[in-house]
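# no sequence for this one, just the structure:
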Ligand SMILES: N[C@@H](CCC(=O)N[C@@H](CS)C(=O)NCC(=O)O)C(=O)O
């Protein structure tokens, strides 16, 4: 059984969502960022981690990609070297470009010590808007990032969309908004959130 390690409501949701999409059994190990428990799984103390037997993986995009590749028969991963390349390109885009302004703004608003905080708001707004325009072009008329098939890429992009909406970042694209609506209405995401709520209450 897989173990998904981290705090409910954090990037942990990417992992639980992915596991729900794959219909795999898992347990949630609750751990706060930089807690003793979290350092056992990730040298940086950051959330989330996945435990698969002796393998401990960190970094949400890598975890989702790994799971999709391992369970390729379930259709959420790459089916060829070319698809593997395209999925990795999407995942690097999602984390390095789309997520970066969201994460930097949050860090400077809530996480960093006061003396290190600066106002990255205008930069984050501009950068995020530019990457939404890129996302619109990259998606084109496709239902999902990889075409007609929902994959691990949509978990990571979708989670960025949920984050952006929660933090009231402007998403000035009808097609990207429709894409986020489509992806965020997946029953597997609702199940993942319910599992995290249960874990939170336990
Ligand atoms: N690249 C990592 C980033 C992990 C990360 O930054 N997680 C946040 C919580 S969602 C955290 O633990 N932050 C603590 C910190 O930045 O010090 C991933 O995608 O898993």
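Cool, got the structure. All figures in this text were calculated on a predicted structure; none of them were measured in a lab.
# The spatially most central residue of the chain sits in which helix or strand?
For the chain, the residue nearest the mean C-alpha position is residue 156 (3.5 Å; C-alpha atoms, centre = their mean). Using DSSP states H and E, residue 156 sits within helix 152-166.
# buried ones in that helix?
For helix 152-166, burial by neighbour count (16 or more other C-beta atoms under 10 Å) applies to 152-164. For the C-beta atoms, the positions are set from N, CA and C on the backbone; glycine is no exception.
# Kindly provide the distance from the residue nearest to the centre of the chain to residue 43.
22 Å (C-beta to C-beta, to the nearest Å).
# And for residue 56?
Distance from residue 56 to residue 43, counting by C-beta to C-beta: 10 Å.
# Show me which of these two is the more surrounded one.
residue 56 (14 against 9; other C-beta atoms under 10 Å).
# per-residue confidence at residue 202?
pLDDT recorded at residue 202 is 89.
# residues in contact with the residue nearest to residue 86 when sequence neighbours are not counted?
The shortest distance from residue 86 to any non-neighbouring residue, by C-beta to C-beta, 6 or more residues apart in numbering, is to residue 146 (6.7 Å). For residue 146, the contact set (C-beta atoms under 8 Å, 6 or more residues apart in numbering) comprises 83, 86, 87, 90, 153, 154.
# Now do the SS call for the residue of the chain positioned farthest from its centre.
For the chain, the residue at maximal distance from the C-alpha centroid (C-alpha atoms, centre = their mean) is residue 115, at 29.1 Å. Using DSSP: H, G, I helix; E, B strand; the rest coil, the three-state assignment for residue 115 comes out as helix.
# Residue 121 versus that one, what's the distance?
In this view, residue 115 and residue 121 are 18 Å apart by C-beta to C-beta.
# coming back round to it: please see if the helix holding residue 156 touches the ligand.
No. If you take C-beta under 6 Å from any ligand atom as the test, helix 152-166 misses the ligand, and the best it gets is 8.4 Å.
# Tell me the helices and strands packed up against the helix or strand just after that helix.
Sequence order places helix 174-184 as the next helix or strand after helix 152-166, per DSSP H and E. Under the contact criterion of 3 or more C-beta pairs under 8 Å, 6 or more residues apart in numbering; DSSP states H and E, helix 174-184 touches helix 121-139, helix 152-166.
# Mind putting the ones you listed into a markdown table with mean pLDDT?
Compiled in a markdown table, the helices and strands packed on helix 174-184 are given as follows (pLDDT from 0 to 100):
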| stretch | mean pLDDT |
| --- | --- |
| helix 121-139 | 97 |
| helix 152-166 | 98 |
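# Tell me which of the ones you listed sits nearest to residue 14.
Across the helices and strands packed on helix 174-184, residue 14 has its closest neighbour in helix 152-166 (5.0 Å, C-beta to C-beta).
# Mind giving me the packing neighbours of that closest one?
Counting contacts by 3+ C-beta pairs under 8 Å, 6+ apart, helix 152-166 packs against helix 12-22, helix 60-70, helix 81-93, helix 99-106, helix 174-184.
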